[in-house]
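Chemist: Kindly return the folded structure for what I paste below:
(2 chains)
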There are 2 protein chains.
Amino acid sequence: MSELRQNLISREWVIISTERAERPDQFARPKEPKVLPPHVAECPFCTGNEEKFTPGETYRHSDTNGWKVRAVPNRYPVLASVGERVRTVEGIYRTMTGVGVHEVIVEHPRHDMTTALLSRDEVADILRAYRSRYGEIRKDPRIECIIIFKNYGESAGASLEHPHSQLVATPIVPSQIRDRIQDAIHFWDNTGECVFCNMLKQELAARERIVFESEHFVAFVPYAALSPFHLWLFPRRHSSSFDDSTDLEIDDLACNLKTVLARLYHGLGNPDFNYCIRSVPTDEQQTDYFHWYLAIIPKVIRTAGFELGSGVFVNTALPEASAKFLREVKID
Amino acid sequence: MSELRQNLISREWVIISTERAERPDQFARPKEPKVLPPHVAECPFCTGNEEKFTPGETYRHSDTNGWKVRAVPNRYPVLASVGERVRTVEGIYRTMTGVGVHEVIVEHPRHDMTTALLSRDEVADILRAYRSRYGEIRKDPRIECIIIFKNYGESAGASLEHPHSQLVATPIVPSQIRDRIQDAIHFWDNTGECVFCNMLKQELAARERIVFESEHFVAFVPYAALSPFHLWLFPRRHSSSFDDSTDLEIDDLACNLKTVLARLYHGLGNPDFNYCIRSVPTDEQQTDYFHWYLAIIPKVIRTAGFELGSGVFVNTALPEASAKFLREVKID
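Modeler: Numbers count the residues shown, from 1 in each chain, chains lettered A, B, ... in the order given. Model prediction:
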């Protein structure tokens, strides 16, 4: 019989449908290695095209061979960086001007790289770019929330092959994040503990869903994982905002993230995925009750009308089996 | 510049990204009419296979030519119909036994039909099957919420071509539905009005996003539509639960739903879509503050990491333009 599980942090229910359960390796896609060229003349993120396609660079990390990571404005921003933040409310007409930030982080000069195969230092360079841009953008008083995310592969929404991630800073707090914060405050008021710290403590005691532990981070499949191989990376140290990470933590996160993505890459045949980093709204920055984290969602199943209608996900893999599978993937 | 809009009912923000806005007809997919056969020997829902593939029928509507609509148990149910509802809570281990109902409504004996092309009476027969099963399943004291939904097309999660929809009854109230109810109660307490009735009144006054009006239902694109051609069908009469619909209302809903789906079919080249019917949890049945409705989400754009990380959708079509486009589609 299947089982429903409720996530302690989000109150979301998920159906763990063991009737349909497949062996974890059945989610792997047939390996048909798509070989990309290292450089594509018309790619907006490849070297040589910086001035033409991505003017207005906001961040550059270089060595003697040239740039290694860049941040640039998105050419088709969903929010504009100039303008006033003006909110109006009149009945159903509840609006905010579309001001904010939308940047692209170009992760590597080469067209044919992927995070799973980069060195730890190269991943750390990307994370440092995130941190730098987060810290800078946070100072803008129009900004309330900053989401860093990566779409990898077409089914995950990526429209360009060149390795890149994105940052969107919004002039509002999304209702989903507001709701999680309210719940986290209730938990704090009831227990005197951060709900994320509490979950991490229990996961470390149970050891059933841990995928990879490093000095400062723990990667695990949540007890109420929304989909197969859904992963959370929590910092061990309580901190509400990603840009509070120290250099040591960034290096350690690079090792953890790279390892976990390499296990997905080798174990599941280079699946498409999304990841995102969630922090507390920028007005708060540090709180006792909210903990920043990185979520990874491999695109191995499709959501449909039931998820849309109920908000309840159906996970066809047992979270403990997903975690065990990923623990055992050999990555070198 | 783009604009953020907040939905009055869900408090969800959406970015209406006019920078990227396309003309509505650019969402249409190239017409490559896939011609299906009227009968497929191995299809579990085709006539002749009833005993073999779909035993345990729970509903049948027939005329002298045989059955027209059937309801049957899903062969791979996400929730099981036998067993006790047992909830346990211990730290992160929050579970409920996977009891509930998962049925398939086979909408037509023919393999090659689609709702947009059925007669009004045929659609009414399907809706009557929904109502009958809803009313019956609601009596089960283990059930708290009933979601009726349809996945049409592969990208919308349909795994079978034969026209069908589904019903899942859960032993819990999904957190997303609970949150909407809480917000609706606040609105009621603050204003003495159902928030859905309030929205409908404003949409009917503004007339900018109405797609189709019938005697008892109004189809419109919400002011803060999550995606292009996202549609809501509201009953004009305040009612919290779908199965409270009268025969006259069912006939009228059939006309409205069929018209709107036909406009999507002809206007956008037979797009994949999901629809779902949301009612109040079964324990309540009728309340002053919650209004049942049907939502249609055509699959014309893809969601990605930003939506996952923030819960904020990016709609690349202006809701007013989506509505105008659909109003003008000729369906003869």
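Chemist: And A:Arg138, how close does it get to A:Cys145?
Modeler: Shown here: A:Arg138 relative to A:Cys145, a distance of 10 Å by Cβ to Cβ, to the nearest Å. Backbone N, C-alpha and C define where each C-beta goes, glycine included.
Chemist: Could I get the contacting residues of A:Pro30?
Modeler: Residues counted as contacts of A:Pro30 (Cβ atoms under 8 Å, 6 or more residues apart in numbering or on different chains) are A:Gly269.
Chemist: Would it be right to say that it lies in a strand?
Modeler: No. Applying DSSP: H, G, I helix; E, B strand; the rest coil, one finds A:Pro30 to be coil, outside a strand.
Chemist: From A:Leu268, how far out is it?
Modeler: Counting by Cβ to Cβ - A:Pro30 and A:Leu268 are separated by 11 Å.
Chemist: Equivalent analysis for A:Arg278, please.
Modeler: Distance from A:Arg278 to A:Leu268, by Cβ to Cβ: 24 Å.
Chemist: Look up the pLDDT of A:Lys31 for me, please.
Modeler: Reading off the confidence values, A:Lys31 has pLDDT 61.
Chemist: what's the answer for A:Ile126, then?
Modeler: Predicted confidence (pLDDT) for A:Ile126: 98.
Chemist: Go ahead and confirm it touches A:Thr114.
Modeler: No. Taking contacts as Cβ atoms under 8 Å, A:Ile126 lies outside contact range of A:Thr114: 11.8 Å.
Chemist: if you count what's nearby, which of the two comes out ahead?
Modeler: Each of A:Ile126 and A:Thr114 has its neighbours counted (other Cβ atoms under 10 Å in any protein chain shown); A:Ile126 has more, 26 against 17.
Chemist: Confirm that the more buried one sits in a helix.
Modeler: Yes. Counting by three-state DSSP, A:Ile126 is located in a helix.
Chemist: so what's it closest to, chain neighbours aside?
Modeler: Nearest residue to A:Ile126 in three dimensions, chain neighbours excluded: A:Glu107, at 4.9 Å (Cβ to Cβ, 6 or more residues apart in numbering or on different chains).
Chemist: Next up, the contacts around that neighbour.
Modeler: Each residue near A:Glu107 by Cβ under 8 Å, 6+ apart is listed here: A:69, A:113, A:115, A:118, A:126, A:163-165.
Chemist: Cross those against strands and list the overlap.
Modeler: Counting by DSSP state E, these place A:69, A:164-165 in strands.
Chemist: So which of those is the closest to chain B?
Modeler: Using Cβ to the nearest Cβ, A:Ser165 is the member of the ones in strands among the contacts of A:Glu107 that lies nearest chain B, at 8.2 Å.
Chemist: wait, what's in contact with the closest one?
Modeler: The contact partners of A:Ser165, taken as Cβ under 8 Å, 6+ apart, are A:104-105, A:107, A:126, A:130, A:148-150.
Chemist: any idea how far it lies from A:Asn274?
Modeler: Applying Cβ to Cβ, the value for A:Ser165 to A:Asn274 is 10 Å.
Chemist: Mutual contacts of the two, please.
Modeler: A:149-150.
Chemist: which residues in the stretch 101-250 of chain A form strands?
Modeler: Assigned by DSSP state E, counting those that start in this stretch, the strands in the stretch 101-250 of chain A fall at A:101-106, A:145-152, A:164-170, A:210-213, A:217-220, A:231-235.
Chemist: higher neighbour count, A:Arg138 and A:Cys145?
Modeler: When neighbours are counted by other Cβ under 10 Å, A:Arg138 and A:Cys145 differ, and A:Cys145 comes out ahead with 24 against 20.
Chemist: Check which residues of stretch A:181-192 are buried.
Modeler: Going by neighbour count (16 or more other Cβ atoms under 10 Å in any protein chain shown), the buried part of stretch A:181-192 is A:181, A:183-184, A:187-188.
Chemist: Cross those residues against helices and list the overlap.
Modeler: Applying DSSP state H to the buried residues of stretch A:181-192, the entries found in helices are A:181, A:183-184, A:187-188.
Chemist: For A:Arg5, which three-state class applies?
Modeler: Assigned with three-state DSSP, A:Arg5 falls in the strand class.
Chemist: Looks like it contacts A:Ser17 (just checking).
Modeler: No. A:Arg5 is not in contact with A:Ser17 according to Cβ under 8 Å; the separation is 11.2 Å.
Chemist: Find the residues that touch each one of those two.
Modeler: Shared contacts of A:Arg5 and A:Ser17, defined by Cβ under 8 Å, 6+ apart, are absent.
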